[in-house]
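J.: Structure, please.
(2 chains)
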Number of protein chains: 2
Amino acid sequence: MVRVMATGVFDLLHPGHLYFLTEAKKLGDELVVVVARDQTARRLKREPYVPEMLRRSMVEALKPVDKAVLGSSTDIYQTVVDLKPEIIALGYNQVWNEHEVQSECARRGAPVTVARIGPMPHDDLATRKIVERILERARKEASA
Amino acid sequence: MVRVMATGVFDLLHPGHLYFLTEAKKLGDELVVVVARDQTARRLKREPYVPEMLRRSMVEALKPVDKAVLGSSTDIYQTVVDLKPEIIALGYNQVWNEHEVQSECARRGAPVTVARIGPMPHDDLATRKIVERILERARKEASA
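T.: Numbers count the residues shown, from 1 in each chain, chains lettered A, B, ... in the order given. I've put the predicted structure just below:
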């Protein structure tokens, strides 16, 4: 059984997330998703709108996902060592370098293959865009 | 096979939606969700942030949901006649009256039992709350 691991913040769930997870699942038999802790999201990206426990439960409710767990807030590689995936799927906009991830996992005794998932065709609704839309509408309402 | 129907806008998916759909699914064997058209949402509630096609695909990606379809933009009962559910599940904050829905469905030749799903215990993150959180943060950032 080939275990695939994918990671992310998954703040406001949108079709781009679903595409990424559906494609990741196709790489193996079981998809385990590591949902970033609030603390990690804050450090790497921005404060999430939805707390980590709820982000985890929403991700686990998606059909392609077999299991969703919260990541480590201190050492992102610890989760790889714990879960021992054969494959790690990276999203098109995730900053890690494939080769660095592969080397570091191998060094820790948890060798993996890293695959990059491309962007969703015609994706026009990332979390950022949803937030922009909400702010734009509030501005219009305020000036009306 | 008992078909259950549930309806809603499902704009920014949150745990309250998931709870509602999980409970609705328990009432039968198959859960079909009717996702409100943008036009209907606009009329009954407010302009959605996420367009109807994407709202439909996100709802259908949730584990408790067997199928998600877009509703009629003119006659909400037409979908009941088309789908012929045995049970309609209403959310705790959906405005329809159980008895009126039952009577109208019976009158159209599509008799149903209407069940009301209670609120999620400790639900503190409806779409409205998420939007408030986004606006609040933008205000803080603007005044910082």
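J.: Now do the buried residues in stretch A:100-118.
T.: Counting neighbours by 16 or more other C-beta atoms under 10 Å in any protein chain shown, one finds that the buried residues in stretch A:100-118 are A:101, A:104-105, A:110, A:112-115, A:117. For every residue, glycine as well, the C-beta is placed using N, CA and C.
J.: want to throw the residues you listed into CSV with secondary structure?
T.: Listed next are the buried residues of stretch A:100-118 as CSV, based on DSSP: H, G, I helix; E, B strand; the rest coil:
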residue, secondary structure
A:V101, helix
A:E104, helix
A:C105, helix
A:A110, coil
A:V112, coil
A:T113, strand
A:V114, strand
A:A115, strand
A:I117, coil
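J.: If we only consider those, which is nearest to chain B?
T.: A:I117 (16.2 Å; C-beta to the nearest C-beta).
J.: Verify the stated contact: the closest one with A:I88.
T.: No - contact criterion C-beta atoms under 8 Å: A:I117 and A:I88 do not qualify, at 10.7 Å.
J.: buried residues in the lowest-mean-pLDDT helix or strand in chain A?
T.: Across the helices and strands of chain A, mean confidence by mean pLDDT, DSSP states H and E is lowest for helix A:127-143: a mean of 79. By neighbour count with 16+ other C-beta under 10 Å, helix A:127-143 contains the buried residues A:127, A:129-131, A:133-135.
J.: Run the contact check for that helix versus chain B.
T.: Yes - using C-beta under 8 Å from any C-beta of the partner chain, we find that helix A:127-143 touches chain B at A:130-131, A:133-135, A:137-138.
J.: ok now that helix, how far from the chain's centre?
T.: Centre-to-centre, helix A:127-143 and its host chain are 25 Å apart (C-alpha atoms, centre = their mean, to the nearest Å).
J.: Using the three-state scheme, assign A:I88.
T.: Recorded secondary structure, A:I88: strand (three-state DSSP).
J.: Spit out the contact partners of it.
T.: By C-beta atoms under 8 Å, 6 or more residues apart in numbering or on different chains, A:I88 lies in contact with A:4-7, A:80, A:101, A:105, A:112-115.
J.: Kindly state the beta-bridge partners for it.
T.: A:M5, A:V114 (DSSP bridges).
J.: quick one: it from A:E141, how far?
T.: Note on A:I88: its distance to A:E141, by C-beta to C-beta, to the nearest Å, is 43 Å.
J.: How many residues are close by A:V32?
T.: Neighbour count for A:V32, taken as other C-beta atoms under 10 Å in any protein chain shown: 21.
J.: In terms of helices and strands, where is it?
T.: Assigned by DSSP states H and E, A:V32 belongs to strand A:30-35.
J.: Using JSON lines, lay out the buried residues of helix A:127-143 together with distance to A:V34.
T.: Converted to JSON lines, the buried residues of helix A:127-143 look like this (distance: C-beta to C-beta, whole Å):
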{"residue": "A:T127", "distance to A:V34": "18"}
{"residue": "A:K129", "distance to A:V34": "24"}
{"residue": "A:I130", "distance to A:V34": "23"}
{"residue": "A:V131", "distance to A:V34": "23"}
{"residue": "A:R133", "distance to A:V34": "28"}
{"residue": "A:I134", "distance to A:V34": "27"}
{"residue": "A:L135", "distance to A:V34": "30"}
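J.: Which two of these have the greatest separation?
T.: Across these, no pair lies farther apart than A:T127 and A:L135, at 12.6 Å, counting by C-beta to C-beta.
J.: Before I go, just wanted to say thanks for your time.
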